[in-house]
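**Student:** need coordinates for the following:
(one chain, ligands or ions: 1)
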Amino acid sequence: VEVEVKNSLIIFLAKISNGVEPGLSWGWNPSSDPCKDHWQNVDCDSLNTTVTKLFLNGQNLAGAFDAALLCNTKPLAASLTTLALDDNNIAGQISGEIGHCNQLTQFSVSNNRLSGTLPESLTALNNLKTLDFSNNQLTGLIPNFDFSHFDKFNVSNNKFQGPIPNTKGFVQVNSFVGNSELCGDPLANKCPSLSVTTDENSKNSKGVSKNQVILYIGYAILALVFIVLVIFKICTKNKKEDKKVDAANKVAAVDESVSKASAASSEFKGGLSKSNYSVTMSDDESQSTNIVLSSFIVLTSPAVDGLKFEDLLRAPAELLGRGKYGSLYKVIFEEGMVLVVKRIKDWAISGSDFKQRMESLYQAKHHNVLPALAFYSSKQEKLLVYEYQENGSLFRLIHGSHRGQAFDWSSRLSVAARIAEALAFMHEELRAEGIAHGNLKSSNILLNNKMEPCISEYGLMVINDLDNQTPRKASRTGSSSSAFNGDIYGFGVILLELLTGKLVQHNGVDLTVWVHSVVREEWTAEVFDKTLMSEYASEERMVNLLQVAIKCVNRSAEARPSMDQVAIMINTIIEEEERSRVFDPQSSMSLI
Ligand SMILES: Nc1ncnc2c1ncn2[C@@H]1O[C@H](COP(=O)(O)OP(=O)(O)OP(=O)(O)O)[C@@H](O)[C@H]1O
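**Tutor:** Purely as a prediction, here's the structure:
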């Protein structure tokens with residue numbers, strides 16, 4: 001089985017298990033073969049050369065479903081016939097990439113937390129015999145399937161809406177029940193008749209449903225035009241108002257204030273479709289016209305000079321990820337500019353506190369911290385705009401398909417030092433404001449076009465459910481120093497990933513726990529990434545860095561060093577490394 005297939009399976013599992021990664025206990029080891037070494041929950045063809053089935057039912061998976069990870073991997077998409085994910089706690093959307101897995105005969109995801117609309121590409125899966133999406137939170141219209149293909153079709157107990165396409169009698173009523181806004185045959189709930197009674201098709205059920213669809217589309221277009229007009233009005237009104245904005249805050253305000261528009265939530269649609277974004281207010285908000293409740297601010301930056309909110313809404317958007325606290329979209333503009341938009345819903349921070357926070361972050365600039373280029377704030381949600389970094393994240397560099405290759409020891413040390421320095425700087429600048437990073441992890445360290453590490457999403461702490469926090473999550477409430485200590489812990493975990501090449505959760509065990517146990521047994525050398533050992537990196541310096549990491553992940557937050565102490569310790573290791581190079585000219589030092 002191809003390496004890319006193994007990697008896709010492992011990364012798919014890491015994401016869908018939210019990093020818990022049960023795969024190693026199932027034998028899912030990158031150095032073994034899924035077929036020949038009989039990975040659990042995987043079936044292969046009779047020659048043992050291709051993966052045909054994935055059975056991940058009832059495995060307590062609570063991460064995000066990412067069809068792209070499986071279906072954009074060509075050899076896997078060409079062989080996978082069964083994808084069974086029933087009875088978990090999986091969130092996320094079924095993205096259009098599922099259409100590339102065109103050999104699927106069974107796709108079942110019943111009893112999960114999937115949401116969003118179904119992509120049209122599902123109807124292109126001509127081999128599909130079993131489709132079970134029951135008991136999720138899926139919305140929108142049911143696509144126009146050829147129902148005659150199915151042995152089993154079930155979308156019951158979701159939030160589907162609108163008329164059921166013509167099933168030609170191939171699907172029973174039970175498959176549709178539990179969707180209160182679904183209507184039409186075979187449900188008893190008739191669709192509201194929107195056509196005029198003189199319509200000659202009104203007696204013909206097929207004709208009626210066509211008219212209804214046309215009318216629905218008509219209404220949708222009218223609604224869209226209305227929303228665009230409202231947004232346009234808000235934008236032009238706010239442009240005038242923004243001229244009054246205090247110049248001292250160094251932001252160019254583009255758009256703000258409240259209209260009495262009725263609300264629906266903002267939405268960037270995934271799958272490189274046209275962004276469909278409507279900005280509206282809740283009743284509470286529409287009552288008070290004096291208070292600035294919603295605003296779109298472009299921070300002065302040559303990269304997005306003149307960016308308008310309408311441009312963001314218009315440009316096609318692709319869903320990159322859906323984390324616990326928000327979704328991330330890649331937005332591509334006609335002129336070739338590519339941005340990402342982080343959308344955070346229900347963040348319990350007031351509009352003015354949020355704006356204040358963004359301004360403080362804007363002031364505290366560091367070369368290795370990715371700045372927000374613009375932000376939008378309404379009561380229901382916050383949007384942050386960043387530049388797209390095409391070289392991906394540190395997570396991908398360490399764990400991705402080219403796992404650790406060409407990521408040598410000196411480069412790892414250099415990355416560690418730069419992140420530590422940037423974090424020390426940010427902590428120093430923002431301590432008085434109490435703004436720590438709050439969610440520091442290797443997927444939030446991006447590599448810019450010079451392959452330098454940049455900390456992204458600084459200051460987006462959206463911790464509402466403190467009870468569920470693991471020690472590595474920062475706290476917004478309580479003493480703000482706990483959020484700073486949380487960053488130091490997070491940085492320690494990143495150091496451990498750099499040193500071991502292992503995922504934060506591997507073999508069902510937390511990386512910090514595993515490292516502690518190995519070190520306690522005095523098998524320290526076993527900890528290090530094999531690719532580092534094979535390049536003969538200095539074990540002494542690796543042990544030194546490991547000691548720094550262990551200090552950072554100390555269970556007692558007070559015992560952890562401060563970030564500037566950490567930066568000094570790492571720079572001392574780099575100096576030792578450089579000194580040793582002078583004495584040993586053969587060893588090369590290719591700093592990133
Ligand atoms: N500006 C960016 N450019 C390119 N890729 C990005 C950018 N920001 C984030 N990413 C990548 O997009 C993916 C999804 O990001 P997202 O922030 O949704 O997820 P996350 O970091 O895993 O979770 P969380 O919501 O906890 O931050 C990650 O792999 C991340 O590295």
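**Student:** was I right about Pro143 contacting Thr123?
**Tutor:** Yes. The criterion here is CB atoms under 8 Å, and Pro143 meets it with Thr123 at 4.9 Å. Glycine gets a C-beta too; all of them are placed from N, C-alpha and C.
**Student:** what about the residue in the stretch 201-350 of the chain positioned nearest to the ligand, distance to Val338?
**Tutor:** Closest contact between the stretch 201-350 of the chain and the ligand, by CB to the nearest ligand atom, is at Gly323 (2.1 Å). Applying CB to CB, to the nearest Å, the value for Gly323 to Val338 is 20 Å.
**Student:** with Val171 instead?
**Tutor:** Between Val171 and Val338 the computed distance is 42 Å (CB to CB).
**Student:** go on, Gly490?
**Tutor:** Distance from Gly490 to Val338, by CB to CB: 27 Å.
**Student:** likewise for Asp487?
**Tutor:** From Asp487 to Val338 the distance is 28 Å (CB to CB).
**Student:** hang on, the earlier thing: of Gly323 and Val338, who's got more company?
**Tutor:** Comparing Gly323 with Val338 by neighbour count (other CB atoms under 10 Å), the higher total belongs to Gly323, at 19 against 13.
**Student:** which residue packs closest to the more buried one, ignoring adjacent ones?
**Tutor:** Ala64 (7.6 Å; CB to CB, 6 or more residues apart in numbering).
**Student:** so what pLDDT did the one you found get?
**Tutor:** At Ala64 the predicted local confidence, pLDDT, stands at 89.
**Student:** Ala14 now?
**Tutor:** Looking at Ala14, its pLDDT stands at 81.
**Student:** part of a helix, is it?
**Tutor:** Yes. Under DSSP: H, G, I helix; E, B strand; the rest coil, Ala14 sits within a helix.
**Student:** return the helix or strand in this structure with minimum mean pLDDT.
**Tutor:** strand 251-256 (a mean of 32; mean pLDDT, DSSP states H and E).
**Student:** so how far is Leu312 from the residue of the stretch 201-350 of the chain closest to the ligand?
**Tutor:** In terms of CB to CB, Gly323 sits 20 Å off from Leu312.
**Student:** ok, now Leu440?
**Tutor:** Taking CB to CB as the measure, Leu440 falls 27 Å from Leu312.
**Student:** Leu339 should be in a helix, yeah?
**Tutor:** No. Assigned with three-state DSSP, Leu339 falls outside any helix and is strand.
**Student:** for the nearest residue to it once chain neighbours are set aside, give me its contacts.
**Tutor:** Among residues not flanking Leu339 along the chain, Val331 sits closest, at 5.0 Å (CB to CB, 6+ apart). Shown in contact with Val331 (CB atoms under 8 Å, 6 or more residues apart in numbering): Phe268, Ser275, Leu312, Ala315, Pro316, Ala317, Glu318, Val338, Leu339, Val340, Val341.
**Student:** in three-state terms, how would Leu384 be classified?
**Tutor:** Relying on three-state DSSP, one would call Leu384 strand.
**Student:** quick one: low-confidence residue ranges for the stretch 51-200 of the chain.
**Tutor:** Residue ranges of the stretch 51-200 of the chain with pLDDT under 70: 192-200.
**Student:** near the ligand, which residues of the protein show up?
**Tutor:** 320-321, 323, 325-326, 328, 340, 386, 388-389, 393, 439, 443-444, 446, 456-457 (CB under 6 Å from any ligand atom).
**Student:** ok and the residue in the stretch 451-592 of the chain nearest the ligand?
**Tutor:** Relative to the ligand, the nearest point of the stretch 451-592 of the chain is Ser456 (5.0 Å; CB to the nearest ligand atom).
**Student:** now that residue: how far from Ala567?
**Tutor:** 19 Å.
**Student:** beta partners for the residue of the stretch 351-500 of the chain found nearest the ligand?
**Tutor:** Nearest residue of the stretch 351-500 of the chain to the ligand (CB to the nearest ligand atom) works out as Ser393 at 3.4 Å. Per DSSP bridges, the residues bridged to Ser393 are Leu446.
**Student:** how much space between it and Ile10?
**Tutor:** Shown here: Ser393 relative to Ile10, a distance of 16 Å by CB to CB.
**Student:** picking that back up, separation between the residue of the stretch 201-350 of the chain closest to the ligand and Phe375?
**Tutor:** Relative to Phe375, and taking CB to CB, Gly323 is found at 18 Å.
**Student:** disregarding residues adjacent in the polypeptide, which is nearest to the closest residue to the ligand within the stretch 101-250 of the chain?
**Tutor:** The ligand sits closest to Gly116 of the stretch 101-250 of the chain, with a gap of 14.6 Å, by CB to the nearest ligand atom. In space, Gly116 comes closest to Gln93 once its chain neighbours are excluded; the distance is 3.5 Å by CB to CB, 6+ apart.
**Student:** looks to me like that neighbour is in a strand.
**Tutor:** No. Read with three-state DSSP, Gln93 is coil and lies in no strand.
**Student:** my guess is it contacts Arg113, does it?
**Tutor:** No. In this structure, Gln93 is not within contact of Arg113 by CB under 8 Å, at 10.9 Å.
**Student:** which one of those two has more residues nearby?
**Tutor:** Using other CB under 10 Å, the more surrounded residue of Gln93 and Arg113 is Gln93, with 23 against 16.
**Student:** ramachandran coordinates for that one?
**Tutor:** phi -120, psi 160 (degrees, to the nearest 10).
**Student:** now it: how far from the ligand?
**Tutor:** Noted for Gln93: a distance of 13 Å to the ligand, by CB to the nearest ligand atom, to the nearest Å.
**Student:** tell me how far the ends of stretch 73-89 are from each other?
**Tutor:** Terminal residues of stretch 73-89 are spaced 25 Å apart (CA to CA, to the nearest Å).
**Student:** residues near Ser534, how many?
**Tutor:** Residues near Ser534, counting by other CB under 10 Å, number 8.
**Student:** and if you look at Asn126?
**Tutor:** So Asn126, with other CB under 10 Å, has 10 neighbours.
**Student:** do Ser115 as well
**Tutor:** 16.
**Student:** tell me the contacts of it?
**Tutor:** Ser115 sits next to Ala91, Gly92, Gln93, Asn136, Gln137, Leu138, Thr139 when contact means CB under 8 Å, 6+ apart.
**Student:** just the buried members of these?
**Tutor:** Ala91, Gly92, Gln93, Asn136, Leu138, Thr139 (16 or more other CB atoms under 10 Å).
**Student:** now do the helices in the stretch 301-450 of the chain.
**Tutor:** For the stretch 301-450 of the chain, helices defined by DSSP state H, counting those that start in this stretch occupy the ranges 309-314, 351-363, 394-399, 409-430.
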